[in-house]
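>>> can't give you the sequence, but here's the structure:
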């Protein structure tokens, strides 16, 4: 099975025959500028780390599904040719996890027929609202599943579960995506407010703060969600959907609303579960973050640990009820895209994925 490759700050990617060469300088803060290496055309070398250490890793190109780059990661045109030949998508984020853009091999360009169906569904307001409600329902049911998982393990979540169930019942009566997102916001407020009962250690977290993350947990959520957007974007491209046409998040709000829509369903399943594991196994501390003016930013070493655990979760398998076989969560995300396409074609109702506790 092909693997995702994650590259962090202060690295350079090169083509070496049919192999990808990664040169990285670990545990360094983002460089303000990059030096130009005049000895090799088209290559920008990151400013050297203080310890002068460079790690090299060779990876066969045919083993790579997609590359996710974070921070000061540089590559040249020969690397893009290699990626195009092997159908490798490259998704770039800045050091803080904000999405920058993607390189798409020509084979990954969207299907025109599917795009037309996406636009038609967006212009049909009742159909758009129906899809948007499904995304919120999927996200809410999976968040509720997390609480039920811990309730069955003697954590008192009766009050939170009852409140969320009442809000779920109001989703179908929403008459606009704005009203729907308001209900979703109330659900998330209850859900995030319950997390301290899940954590086995005392840790600062009372509410979700995005810009900027003001504690370790908010930093983990922001970074994990950004990676999940990239994973969903990868599956959207692979299935021929157009990420710029969304239904819950409108095209005017951001550049890739469909990846945001799809990620809503899987945040509780992938990102939140990973955070619970890391906290309860006591794998993080203040020393894993740069803290400046109250803003928390993960250090490179901890980013790698976090991504490793996130990837472990994506690779975890379950028995799919319809397929009657074991598949990974990453495959489930791709299947979710196919389910949406089937609905857009008028075949079936779109029922979002639900992770039973």
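Yep, that arrived. Owing to the predicted nature of the structure, the values given are computational and were not obtained by experimental measurement.

>>> So, low pLDDT: which residues of this protein?
1, 9, 25-55, 106-111, 252-254 (pLDDT under 70).

>>> In it, mark out all the strands, start to finish.
Secondary structure of the chain (DSSP state E): strands at 3-7, 11-16, 19-24, 34-36, 44-46, 55-60, 64-70, 73-75, 89-93, 99-103, 289-292, 295-298, 317-320, 325-328.

>>> Any chance of those in JSON lines with mean neighbour count as columns?
In short, each C-beta sits where N, CA and C put it, glycine included. Listed next are those as JSON lines, based on neighbours: other Cβ atoms under 10 Å:
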{"stretch": "strand 3-7", "mean neighbour count": "19"}
{"stretch": "strand 11-16", "mean neighbour count": "21"}
{"stretch": "strand 19-24", "mean neighbour count": "18"}
{"stretch": "strand 34-36", "mean neighbour count": "12"}
{"stretch": "strand 44-46", "mean neighbour count": "18"}
{"stretch": "strand 55-60", "mean neighbour count": "12"}
{"stretch": "strand 64-70", "mean neighbour count": "23"}
{"stretch": "strand 73-75", "mean neighbour count": "23"}
{"stretch": "strand 89-93", "mean neighbour count": "22"}
{"stretch": "strand 99-103", "mean neighbour count": "15"}
{"stretch": "strand 289-292", "mean neighbour count": "14"}
{"stretch": "strand 295-298", "mean neighbour count": "20"}
{"stretch": "strand 317-320", "mean neighbour count": "12"}
{"stretch": "strand 325-328", "mean neighbour count": "12"}
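
>>> excluding its backbone neighbours, what's nearest the residue nearest the centre of the chain?
For the chain, the residue nearest the mean C-alpha position is residue 228 (0.8 Å; Cα atoms, centre = their mean). Closest residue to residue 228 apart from its sequence neighbours, by Cβ to Cβ, 6 or more residues apart in numbering: residue 263 at 4.9 Å.

>>> cool, residue 206 as well?
Closest to residue 206 by Cβ to Cβ, 6+ apart is residue 193, at 6.9 Å.

>>> Likewise for residue 94?
Closest to residue 94 by Cβ to Cβ, 6+ apart is residue 100, at 5.9 Å.

>>> and what of residue 352?
residue 138 (2.7 Å).

>>> what do you get for residue 256?
Counting by Cβ to Cβ, 6+ apart, the nearest residue to residue 256 once its immediate chain neighbours are dropped is residue 243, at 4.4 Å.

>>> Tell me who's in contact with that neighbour.
Going by Cβ atoms under 8 Å, 6 or more residues apart in numbering, residue 243 touches 233, 236-237, 256-259.

>>> gap between residue 297 and residue 204?
For residue 297, the distance to residue 204 equals 16 Å [Cβ to Cβ, to the nearest Å].

>>> Against residue 259, how distant is residue 102?
Relative to residue 259, and taking Cβ to Cβ, residue 102 is found at 10 Å.

>>> got it, and residue 274?
For residue 274, the distance to residue 259 equals 19 Å [Cβ to Cβ].

>>> and if you look at residue 122?
15 Å.

>>> Kindly report the same for residue 356.
25 Å.

>>> Show me which of these two is the more surrounded one.
residue 259 (25 against 10; other Cβ atoms under 10 Å).

>>> coming back round to it: which residues are in contact with both of residue 102 and residue 259?
By Cβ under 8 Å, 6+ apart, the residues touching both residue 102 and residue 259 are residue 233.

>>> I'd say residue 187 and residue 143 touch.
Yes - proximity of residue 187 to residue 143 meets the contact threshold set by Cβ atoms under 8 Å, at 7.1 Å.

>>> joint contacts of these two?
residue 164.

>>> remind me, longest helix of this structure?
Scanning the chain for the longest helix, with DSSP state H as the assignment, gives helix 125-151.

>>> Looks like residue 280 contacts residue 195 (just checking).
No - judged on Cβ under 8 Å, residue 280 makes no contact with residue 195 at a distance of 11.2 Å.
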